[in-house]
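# coordinates only, sequence not included:
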């Protein structure tokens, strides 16, 4: 039997970790909601963003949280350019082509990272990584609190962009009816590139929030994307609120499973949730039927 303090700490840690998972899933669900495809390069882009955070800290001493301001802009521009100049022209309007192209981009990025950095695991040395906040009998990791707050801010910002700006209205119009949006004068190619760029920017923010307490290697993106895909399915494909709520639930399940079953078996609960959602509610918590 575990004491209530240990159980509550597990719940808190699960929710804090789940917020970061949700941020990673946001880019995946945003791209799916508009382009209606799964971006196979998602994990590789996350790994490259984490290496960028590590490089800025190692070479220039830039704090990972400050690097977010630079890398979010850089990765937005890179994502916009990749979609506009590579994926869009090469896909020729075929969803199957987009899947193959993003898979090819993923393979290219992973092998480029392997060639440039090797397969060694790297991390950032920071005193802040071991900082804790005492809340009564509970000890909470400061970096996880920062990550939780950052994830909520980015989610709220994306929701505002999608709901209250002209760009967001254009994105929603293209997601609902591409041909109709095009006939109304919306540049569909620009909207696709804008969406892909926003997804990449979200990954850059997630990388900055992860690196103070995590490690990076060229293959690390795959582990996070497996969890992110489960979150997208749980929350509903294309749903931003669903991604956040799904991330919090998955983080909670992972934390409690790790406590009860052991850390090595902690992710069993995630895949049980994944299977149950597919069986009982394939559209997810907030997804709509096709």
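Nice, I can see it. None of these values were measured; they are calculated from a predicted model.
# going by C-alpha atoms from here, please, whenever you check contacts or count neighbours.
OK.
# quickly find the element holding residue 39.
Assigned by DSSP states H and E, residue 39 belongs to no helix or strand.
# pLDDT at the nearest residue in space to it that is not next to it in sequence, what is it?
In space, and not counting its chain neighbours, residue 39 is closest to residue 102: 5.9 Å by CA to CA, 6 or more residues apart in numbering. Residue 102 carries a pLDDT value of 92.
# so what does the residue nearest to residue 159 when sequence neighbours are not counted have for phi and psi?
Once flanking residues are discounted, residue 159 sits nearest to residue 240: 7.1 Å by CA to CA, 6+ apart. As for residue 240, its main-chain torsions (degrees, to the nearest 10) stand at phi -70, psi -50.
# ok, residue 240 - contacts?
By CA atoms under 8 Å, 6 or more residues apart in numbering, the residues touching residue 240 are 26, 29-30, 155, 159.
# mind doing that once more with 10 Å?
22-23, 25-30, 33, 155-156, 158-159, 162, 232, 246, 286 (CA atoms under 10 Å, 6 or more residues apart in numbering).
# what lies in contact with whichever helix or strand residue 97 is part of?
Residue 97 is part of helix 95-117, with elements assigned from DSSP H and E. The list of residues contacting helix 95-117 from outside it, by CA under 10 Å, 6+ apart, reads 35-45, 47-48, 51, 82-83, 86-92, 118-120, 217-221.
# now swap in stretch 5-16 and tell me
Here stretch 5-16 makes contact (CA under 10 Å, 6+ apart) with 1, 4, 17-18, 21, 137-141, 143-149, 151, 245, 247-260.
# what strand or helix carries the nearest residue to residue 137 once chain neighbours are set aside?
Take residue 137 and drop its neighbours on the chain: the residue closest to it by CA to CA, 6+ apart is residue 5, 7.2 Å away. Assigned by DSSP H and E, residue 5 falls within helix 4-35.
# and that helix, what's buried?
The neighbour-count check on helix 4-35 (16 or more other CA atoms under 10 Å) flags 7, 9-35 as buried.
# C-terminal to it, what's the next element?
Next along from helix 4-35, by DSSP H and E: helix 42-60.
# in that next one, what's buried?
42-54, 56-57.
# all good on my end, thank you.
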